[in-house]
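Novice: Got a sequence here, can you model it:
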Amino acid sequence: MFARIYRPSKTAMQSGRAKTHDWVLDFAPASARTPDPLMGWSSSSDMNAQVRLSFATREEAVAYATKHGIPFRITEPRVSKRIIKAYADNFATQRMEPWTH
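Specialist: You can find the predicted model right below:
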């Protein structure tokens, strides 16, 4: 049983950053998924794959893992470089590149 502690990245469907502030602890799969013979859905006998715990800080997640004797790996979040632009910059007379459609 091996756990991963990380901060989830923002979803590609929206530009907002909701649900990216908490730290998540989830477990690596212990066994491979197999297709169900009747329906064809993927199934697994690993119950820890369903567990996903959220913590406010990284230290809380690490303390929980060490208290329960769970080996873990911490994945640090990458800081995204934000380029702040204004809509009016599209029509500025001092543009560096020519305006095209």
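Novice: switch to C-alpha atoms for all contacts and neighbour counts from now on
Specialist: OK.
Novice: does residue 62 sit in a helix, a strand or a coil?
Specialist: Look at residue 62: counting by DSSP: H, G, I helix; E, B strand; the rest coil, its state is helix.
Novice: Around it, how many other residues sit close by?
Specialist: Neighbourhood size, residue 62 [other Cα atoms under 10 Å]: 19.
Novice: Let me know the distance separating residue 47 from residue 59.
Specialist: Counting by Cα to Cα, to the nearest Å, the separation of residue 47 from residue 59 is 25 Å.
Novice: what does the helix or strand of the chain at the bottom of the mean pLDDT ranking contact?
Specialist: Least confident helix or strand of the chain, by mean pLDDT, DSSP states H and E, is strand 42-43 with a mean of 86. For strand 42-43, the external contacting residues (Cα atoms under 8 Å, 6 or more residues apart in numbering) are 33-36.
Novice: Now render these as JSON lines, adding secondary structure and pLDDT.
Specialist: Output for the contacts of strand 42-43, formatted as JSON lines (DSSP: H, G, I helix; E, B strand; the rest coil; pLDDT from 0 to 100):
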{"residue": "33", "secondary structure": "coil", "pLDDT": "86"}
{"residue": "34", "secondary structure": "strand", "pLDDT": "87"}
{"residue": "35", "secondary structure": "strand", "pLDDT": "89"}
{"residue": "36", "secondary structure": "coil", "pLDDT": "85"}
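Novice: and of those residues, the nearest to residue 8?
Specialist: Distance to residue 8 across the contacts of strand 42-43 (Cα to Cα) is lowest for residue 33, with 23.2 Å.
Novice: got a list of what that closest one touches?
Specialist: With Cα under 8 Å, 6+ apart, residue 33 has these contacts: 42-44.
Novice: Residue 45 now?
Specialist: Applying Cα under 8 Å, 6+ apart, the residues near residue 45 are residue 31.
Novice: Show the model's pLDDT score for it.
Specialist: Residue 45 is assigned 83 on the pLDDT scale.
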